[in-house]
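Undergrad: Based on what follows, work out the 3D shape:
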Amino acid sequence: MRKLTKSIVAAVAALTLSSAFAQTVKTEDQAKKVIKHRQSVFTLLASNMGPLGAMAKGKMPLESSKIEKYATRIEQLSLMMPDYTKFDTSHFKLKTEALPKIWQEPAKFAEKVQALQKAAAHLRSVANSGDKSTIKKAIGGVGRSCKGCHDAFKAE
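TA: Numbers count the residues shown, from 1 in each chain. Sure thing, here's the model as predicted:
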């Protein structure tokens with residue numbers, strides 16, 4: 001647990017630094033590539049969150065090994081977010097759901113990503129507990145952290 005805590009602290013520090021020093025994309029071609037990569041991370045995030053939501057709603061059986069796998073993936077993807085959101089593409093008129101607030105309010109964005117990291121780590125830690133209520137509550141925590149970021153930083 002202590003090693004995990006140190007990892008989270010290190011990740012948060014890296015996230016804060018990389019978000020605080022957003023880089024501006026200079027060409028439209030570069031912006032298109034950056035957006036494509038950024039969207040790929042969030043597509044993978046959604047592909048792992050979807051089954052968890054279905055399990056929490058009783059549409060799929062709760063399977064500890066799958067829950068642990070999805071939680072691990074979500075945590076890993078959240079650790080990648082600073083790298084794929086550090087390039088500000090907001091000055092190009094390209095199709096993206098990322099709001100300029102990501103780069104205008106980097107500390108708030110970093111807090112949202114940190115909340116996702118913590119929620120995913122917590123879900124991973126309870127996945128094999130056998131306590132359906134605790135597991136569903138932890139899935140809900142991951143979902144709420146996703147929604148919190150969507151509400152603030154994603155165009156709907």
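
Undergrad: need the next SSE after the longest helix anywhere in the chain, C-terminal direction.
TA: The helix that spans the most residues within the chain, counting by DSSP state H, is helix 28-56. Next along the chain after helix 28-56, taking DSSP states H and E as the criterion, comes helix 64-85.

Undergrad: Show me what that following helix is packed against.
TA: Counting contacts by 3 or more C-beta pairs under 8 Å, 6 or more residues apart in numbering; DSSP states H and E, helix 64-85 is packed against helix 2-20, helix 28-56, helix 106-126, helix 132-153. Heads up, the C-betas are built off the backbone N, CA and C, glycines and all.

Undergrad: most tightly surrounded among those?
TA: Of all the helices and strands packed on helix 64-85, helix 106-126 carries the top mean neighbour count, a mean of 20, counting by mean count of other C-beta atoms under 10 Å.

Undergrad: What pLDDT is listed against Glu156?
TA: As predicted, Glu156 sits at a pLDDT of 82.

Undergrad: if I read this right, it contacts Lys147, doesn't it?
TA: No: in this structure Glu156 lies outside contact range of Lys147 using C-beta atoms under 8 Å: 11.1 Å.

Undergrad: Now the longest helix of the chain: average pLDDT?
TA: Helix 28-56 comes out with an average pLDDT of 97.

Undergrad: Need the residue in this structure that's farthest from the chain's center.
TA: Ranked by distance from the centre of the chain (C-alpha atoms, centre = their mean), the top residue is Thr27, with 26.6 Å.

Undergrad: got the contact list for the residue nearest the centre of the chain?
TA: When C-alpha atoms, centre = their mean is applied to the chain, the residue found nearest the centroid is Ser78 (4.0 Å). Ser78 makes contact with 45, 113, 116-117, 120, according to C-beta atoms under 8 Å, 6 or more residues apart in numbering.

Undergrad: quick one: Gln95 from Thr24, how far?
TA: Rather than Gln, residue 95 is Lys. Counting by C-beta to C-beta, to the nearest Å, the separation of Lys95 from Thr24 is 19 Å.

Undergrad: more neighbours, those two?
TA: Neighbours were counted for Lys95 and for Thr24 using other C-beta atoms under 10 Å; Thr24 has more, 11 against 7.
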